[in-house]
Structure formats: C-alpha cells, structure tokens
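[1] Fold the following for me, if possible:
(chains A and B)
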Number of protein chains: 2
Amino acid sequence: MAEDSAKQHLLSCLEVPQQQPQKLGAAKKRRIRRCKSAPSAEVYCGQNKDCGWIAGSHRTFKSFWPSFQPVAFFFAIYLVVSTTCFYLVRHQLDGKKTNGVLDALYFCIVTMTTVGYGDLVPHSVAAKLLACAFVFTGMAIVALFLGKAADYLLEKQEVLLVKALHIRQKAGKMQMLKEIETNKVKYKFFMTSASLLFLVVLGIFVLLKVERLNLIDAFYCVCATITTLGYGDKSFSTIGGRIFAVFWILTSTIFVAQFFLYLAEMNTEFRQQSLIKWVLTRRMTFVDLEAADLDDDGVLSAAEFVIYKLKEMGKISQEDVAIVMEEFETLDVDQSGTISNSDLVLAQHDV
Amino acid sequence: MAEDSAKQHLLSCLEVPQQQPQKLGAAKKRRIRRCKSAPSAEVYCGQNKDCGWIAGSHRTFKSFWPSFQPVAFFFAIYLVVSTTCFYLVRHQLDGKKTNGVLDALYFCIVTMTTVGYGDLVPHSVAAKLLACAFVFTGMAIVALFLGKAADYLLEKQEVLLVKALHIRQKAGKMQMLKEIETNKVKYKFFMTSASLLFLVVLGIFVLLKVERLNLIDAFYCVCATITTLGYGDKSFSTIGGRIFAVFWILTSTIFVAQFFLYLAEMNTEFRQQSLIKWVLTRRMTFVDLEAADLDDDGVLSAAEFVIYKLKEMGKISQEDVAIVMEEFETLDVDQSGTISNSDLVLAQHDV
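    The predicted structure is shown next:
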C-alpha cells in the first residue's frame, strides 16, 4: 500500500507525453489514460469552485497510507518505555551481564523480535510478566509497523536503483515507471536478498572477531538469530557484541520476514499472471457477450468489456460493482440509464 | 484467496431468487447480477458447443487456489524427513532427553516454529548445520503453506458458524452469504481469538499438571512459546509434556500468527471502508463526468461510472484497465467502439 503512495507521487512528477507506440484506437487509449492523470481537471481548476474536491481527493487519498515518521516515533517511545522497565528489574534477570542499560535494551530487542536466546532470563514474577507483556506488543509493532516501513523504504530504493540503471540507456520516464510497476516484487525480492546476504556476512564477521566464535558456530548463531530461533547456546555476551546485536538483530529479522513475504508475493503474482493471461486469451463466446452486456443493448461498450474481464480475473467482485451501482441509480435522476450533466445538477441540488 | 474458492462454491450451491427489497432500477440490478451466476449460460449450454469454455473457466479458476490435501501431504513428508535426520544425530544433541524418536520430533517442531527453547541444542558441526537447514525450510512451510491452510479451515468453520446462528432466524441464504462477506475478517478474528484462548488455557493446564510448574511459570512458558520467544528456562521435559507439545506448539504458534494477520486485515479493511464511503458520498462534478466518460459521448453509462469509482477506490489500477482495453480493441474489428456478435465472429475466425 505504501508503494502506491510513492508511485502516485512519482507519477504526478513525471507526467509527460506518452511515447509508447500506439496501435489501433490510439485516441481512445489516450482518452482513457486521462482518467488517472486528469489534466483536464487542472485546466478547469481556474473556473470551477468544485475543484477543491479534486485536490482534496489527493490529500485524503494520501492520508490513507502509513507514513514513515509516526512509525519511527512510536517505535522510539516503545523502546524507551520497555528498556526503562527492564532496567528497573535488571536485578531480577539471570544470566551474563555487561552494562545495565545496554543489557535492558538488548533483552528488549531479543524479546520483541522473539529471538529469545535465554542468555538473560527473568526470574521474578514481575520480570516474567513484564516479558510476557512486551513480547506481545513488540511482535505487533514489528509485524504491523516495521514491516510496512521496510517495504516503503525498499520501494524508494527501488525507484533510485531503476533510475540509476537507466541513466545510460536514456529510456523514457514512462517506460521506466512501467518497468518498476511490472517487476516491482522481483526488484524488492532481489534487493532484500542482497541486503540479507550482507547482514549475514556482517553478523558472521562480528561473531568471529568480537565474540571469538569459530566459523561454524558463527554461522550457526547467525542462522539461529535471523530466523528468531535463538536456542541461546551461542549468543552475544560482550559489550561490543551486544551494542552491535541491538541494531543487527532488529534489521536482520525484519529482512528475513520481508524475504518470505516477497517470496509469497512473487508466487501469488505468478499465479495471477497466468490467470490474467488465460482470461485475456480465451475465446469470447456469444454467451459471454450477453452476460457482460450491462445495459442490454446487444453490444458491449469498452467499459462493459473491462468490468466483465476484471471480474473474471478476480480483481473486482460482484459486491464492489453492486455498491457503486446503487450510487449510480441515485445519480441517474431521469432513469435514462446514463448520467448526464443535467442529472448531476438535479441529483446534487436536492442534497 | 482460499476464501473465495469456498465462497464461490457456496454461491453456486445457493443460487436462489433474490429476496432483497429492490429500489429504482431493479431490473437493471438483476441484469448485472447475472454476470456472476450467469444462469443464461447454462440455458445456452445445450445448443452451444463453445460452452465447454465456461465450464472450463470454473475448473481452471478453482485450480488456482491452494487446496488442503497437498499441503498436508507435503508437510507430513517434511516432518518424516527432518525427524529421521535429527534421530540419526540424536547423540549429538545436548540437553534433557526422553525417548529418541519423540525428542527428534519435538526438536524438529521447536526448530521449525522458531520457538527454539534451547533445552535440546546441537553440539556437533553436522547437527548444527542440519538445524540451520531445517529452520529455514520449516519457516517457509509454516509461513507459506500452513498459514493458508489455517485460513482455509477457518473460512469453512465460519460458514458453518453463520449457518448455525441463522437456523432460528430463518434468514434468506443470500442474506447469510452477504453477512459472511461483510464480516469475513471479523468472524475469523473472533474465532481465532477464541481458539487461542482455549489453547492458552489448555497449555497452562498441561504445564501445571504434567510439567508441575506453578501458575505464573506456566503462564510465562505459554507466552514464551506461542510467541516463538522460547527463552528456554521453562520448557517441556517429560515424555507426556513433549507428546502434547508437538501438537500444541505447532497449532498455537500458527494461531498467534493468524491472529496478528487478521488484526492487520481488519485495520486495512477499516481504512478501505472509510475510503469507499468517502468515494461514494463525495460530490460528482462535471469534471469527473468528463474524465469518466470513456467513449466521449457526453454521458456516463453504468459501466463507465463503475470503472471510474472503482479506480478512485484503488480497487483497480490504470494498468488493469489498459491491459483489457488492448484486448477490446483487437475484438472490436469494425472499430465501432462496441463489440457486437459480428465482431466476435470476425475476430475469432481469423485465429
């Protein structure tokens, strides 16, 4: 979802004449594209007092997507609160200790990411209940907010990456956007994999140098950590190691989660692509034509065809169409089966 | 996705005359509904040899959704392989041991769900690498397959639940389906919460009785397990406890994951509902009318209105429409802007 917001923004910046080769019905295609970019709306803006709605539309639309700053703010508050709590009960934690505040923060990160090494464990009732409370809230924050934030950042990186790749080829901006759109999940998947590889190597390196583990143990500890397995026989026990762990555990566990998420998305997308291809290439029968003919005039208009095919692809449901149709019938005051300017005047004057 | 499959099936079984009160334009509404259930297609089936496509459409559509049996089969194979591997290296695992096979299975479940208590830890190179391999594959299976299977089962339960609730009220079946559709995620969320509560109580009970923990420790161990935290200071160490744990850990960790998933879905749905409401109630301007008018005839047909509003709601994108429009232009042989029977004959005869 955050993706669309970034794309929307980019699209509005890059509104340029379309350079794609156009086949039959080029005029019609361009007319349809106008629905999204709606330059005609801007032309009207000077004279039309209703125009505030259109600008408002963009504003309202944007506010529906999560933005990055409140997430970071919320997360910072959570960290401060939980670290303070665990600092206060630090004498009720068993295990290898280094610095009071660092241990509290480290325990908090190990708990919220559900790694749970067990190198520090609560032994009092209060500390145990605190851990229970913070693991649930921590999970929710990681799952609901941080994943989305990571997705949003990757989306931004992706645009930069594709831009950089295309500087030499001087491809049209619209073409570039199209390429991002088509390969969105693939790009994000490869970027996540690359970042993950870097994080794994970094983790092994630190475990070798700072924690003095051997290679197999370092690899084993990295795997056990990024998957949130955390057996706890190997973990970070030095001050330097724990400072590193605080950042590294959070980043790498989120990246592993995103890795699986994009893998699942690529799988879904692949299935969907096959479905779309099948829907588009299958023979249209007279029966289809009759079923798709919403206004029963014996022929299919472009819009009727689009709705029928999108329904077949599973992109929209009958409920979606039914909800909008109710609104259509309210606006179609003269019951002509179409909405004209006069319908609009009549329908919206009463309200 | 699995949801739609179940619903689709139910819909096809329950196709009854619609009993909802119909306002203006009732005939039109009914005509549109026909697109999905398409009874007219069945009428034509006797005479039309192209009808195989329609039946085929349903078949192909179904095969796109994951079904339950292959997932269960795949999972069983995974369990057998991983348990065998860990059984072979059982002497290279440190910790509290009970029965060889049971410990291998228990270690395997604790690893694949990423609970990772650490009450059994690999100490040889081979065992460590095996654990690394199985945690990644196990995570993928839990995340990609078991979650979907759980979702599918909940969907089925949901239909039964709503049926049971409505037996007394004797509401129309269409109305029932509509209620399921509207409150889908809510129902699943509440069912997941109820199941989770049951699993938590069951877990505490077994830990009290079989593992002889006190109440606080039992609660703490349950929380640490279902969130996959698994510090490992409290875990299952008896034969009875481990037999129970094998089933209970797998079920409860999946339910917790589904719980967070539905929570996120409810949040998304709530945002989307507000957006839909806003899109439907906002004033339609002349500018909108012009932008939505695909065929440039100065008035909006029902289908044009539906596409414009669905795009505004973010349900479909410009790319979706553009892809289908290309197909439309191929089929519109006489370039009249509509597809008629003769267009179909001409377009599909060449192929």
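[2] Touching, A:Leu130 and A:Thr111? I think so.
    No. In this structure, A:Leu130 is not within contact of A:Thr111 by CB atoms under 8 Å, at 9.3 Å. Every C-beta, even on glycine, is put in place using the N, C-alpha and C of the backbone.
[3] Have a look at these two and say which one is more surrounded.
    Using other CB atoms under 10 Å in any protein chain shown as the criterion, A:Leu130 and A:Thr111 rank with A:Thr111 on top: 26 against 20.
[4] Low-confidence bits of the stretch 51-200 of chain A, can you list those?
    A:51-68, A:165-181 (pLDDT under 70).
[5] which residues in the stretch 251-351 of chain A form helices?
    With DSSP state H, counting those that start in this stretch as the criterion, the stretch 251-351 of chain A has helices at A:286-292, A:302-312, A:318-331, A:341-350.
[6] Which elements pack onto the second one?
    If I follow you right, that is helix A:302-312. Applying 3 or more CB pairs under 8 Å, 6 or more residues apart in numbering or on different chains; DSSP states H and E, we find helix A:302-312 packed against helix A:239-281, helix A:286-292, helix A:318-331, helix B:26-37, helix B:302-312, helix B:318-331.
[7] worst average pLDDT in the ones you listed?
    Of all the helices and strands packed on helix A:302-312, the minimum mean pLDDT falls on helix B:26-37 (a mean of 38).
[8] Surely A:Tyr87 touches A:Leu102?
    No. A:Tyr87 is not in contact with A:Leu102 according to CB under 8 Å; the separation is 9.8 Å.
[9] on that earlier part again, go through the helices and strands packed on helix A:302-312 and pick out the most buried.
    Each of these was assessed for mean neighbour count using mean count of other CB atoms under 10 Å in any protein chain shown. The highest is helix B:302-312, with a mean of 25.
[10] got the angle for that helix vs helix B:318-331?
    Interaxial angle, helix B:302-312 versus helix B:318-331 (axes from the mean of the first three to the mean of the last three CA atoms, to 10 degrees): 150 degrees.
[11] Identify all contacting residues around helix B:302-312.
    A:35-36, A:57, A:294-295, A:301, A:303-304, A:306-307, A:316, A:320-321, A:324-325, A:327-328, A:331, A:337-339, B:28, B:32, B:279-280, B:288, B:291-295, B:300, B:316-318, B:321 (CB atoms under 8 Å, 6 or more residues apart in numbering or on different chains).
[12] roughly how far apart are the closest residue to A:Asp288 other than its chain neighbours and A:Cys132?
    Using CB to CB, 6 or more residues apart in numbering or on different chains and skipping residues adjacent in sequence, the residue nearest A:Asp288 is A:Tyr308, 7.1 Å away. The gap separating A:Tyr308 from A:Cys132 is 53 Å, by CB to CB, to the nearest Å.
[13] Can you say which of the helices of the stretch 251-351 of chain A is nearest to B:Val81?
    With CB to CB, the closest approach to B:Val81 among the helices of the stretch 251-351 of chain A belongs to helix A:302-312: 40.4 Å.
[14] Centre of the chain to the closest one, how far?
    Its chain's C-alpha centre and that of helix A:302-312 lie 27 Å apart, by CA atoms, centre = their mean, to the nearest Å.
[15] re the thing from before, mind putting the helices and strands packed on helix A:302-312 in CSV, distance to A:Ser82 included?
    Formatted as CSV, the helices and strands packed on helix A:302-312 follow (distance: least, CB to CB, whole Å):
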stretch, distance to A:Ser82
helix A:239-281, 12
helix A:286-292, 56
helix A:318-331, 42
helix B:26-37, 50
helix B:302-312, 41
helix B:318-331, 43
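[16] my guess is A:Ser193 meets A:Val256, correct?
    No. Using CB under 8 Å as the test, A:Ser193 is too far from A:Val256 to be in contact (10.5 Å).
[17] ok, residues contacting stretch A:83-94?
    With contact meaning CB under 8 Å, 6+ apart, stretch A:83-94 is reached by A:97, A:100-101, A:103-105, A:107-108, A:120-124, A:126-127, A:130, A:134, B:233.
[18] Now the buried members of these.
    Among the contacts of stretch A:83-94, those classed as buried by neighbour count (16 or more other CB atoms under 10 Å in any protein chain shown) are A:Asp103, A:Ala104, A:Leu105, A:Phe107, A:Cys108, A:Leu120, A:Val121, A:Pro122, A:Ala127, A:Leu130, A:Phe134, B:Asp233.
[19] The third one reaches A:Phe247, doesn't it?
    No. Applying CB under 8 Å as the test, A:Leu105 and A:Phe247 come out as separate, 10.5 Å apart.
[20] coming back round to it: narrow the contacts of stretch A:83-94 to those in helices?
    Residues of the contacts of stretch A:83-94 located in helices (DSSP state H): A:Gly100, A:Val101, A:Asp103, A:Ala104, A:Leu105, A:Phe107, A:Cys108, A:Ala126, A:Ala127, A:Leu130, A:Phe134.
[21] Keep those residues, but drop any that are not near chain B.
    Of the residues in the ones in helices among the contacts of stretch A:83-94, proximity to chain B by CB under 8 Å from any CB of the partner chain holds for none.
[22] Just the buried residues of stretch A:209-226, please?
    A:210-211, A:213, A:217-226.
[23] out of those, who's nearest B:Ile243?
    A:Ala224 (25.3 Å).
[24] can you tell me which residues contact that closest one?
    Residues near A:Ala224 by CB under 8 Å, 6+ apart: A:Gly230, A:Tyr231, A:Lys234, B:Gly116, B:Ala131, B:Cys132, B:Val135.
[25] what would those residues look like in TSV with neighbour count?
    Shown next, in TSV, are the contacts of A:Ala224 (neighbours: other CB atoms under 10 Å in any protein chain shown):
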residue	neighbour count
A:Gly230	32
A:Tyr231	30
A:Lys234	21
B:Gly116	33
B:Ala131	28
B:Cys132	20
B:Val135	22
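[26] Show residues contacting the strand or helix carrying A:Ile141.
    Taking DSSP states H and E as the criterion, A:Ile141 maps to helix A:125-141. The contact list for helix A:125-141 (CB under 8 Å, 6+ apart) reads A:74-75, A:78, A:82, A:85-86, A:89, A:92-93, A:108, A:111-114, A:122, B:216-217, B:219-220, B:223-224, B:227, B:229, B:231, B:260, B:263.
[27] need the buried residues of stretch A:209-226 in TSV with secondary structure and pLDDT, can you?
    Output for the buried residues of stretch A:209-226, formatted as TSV (DSSP: H, G, I helix; E, B strand; the rest coil; pLDDT from 0 to 100):
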residue	secondary structure	pLDDT
A:Val210	coil	94
A:Glu211	coil	93
A:Leu213	coil	93
A:Asp217	helix	94
A:Ala218	helix	95
A:Phe219	helix	95
A:Tyr220	helix	94
A:Cys221	helix	95
A:Val222	helix	95
A:Cys223	helix	94
A:Ala224	helix	93
A:Thr225	helix	94
A:Ile226	helix	94
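[28] got a markdown table for the residues you listed, with distance to B:Val200 too?
    What follows is these, written out as a markdown table (distance: CB to CB, whole Å):
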| residue | distance to B:Val200 |
| --- | --- |
| A:Val210 | 39 |
| A:Glu211 | 36 |
| A:Leu213 | 37 |
| A:Asp217 | 35 |
| A:Ala218 | 37 |
| A:Phe219 | 36 |
| A:Tyr220 | 32 |
| A:Cys221 | 31 |
| A:Val222 | 32 |
| A:Cys223 | 30 |
| A:Ala224 | 26 |
| A:Thr225 | 27 |
| A:Ile226 | 28 |
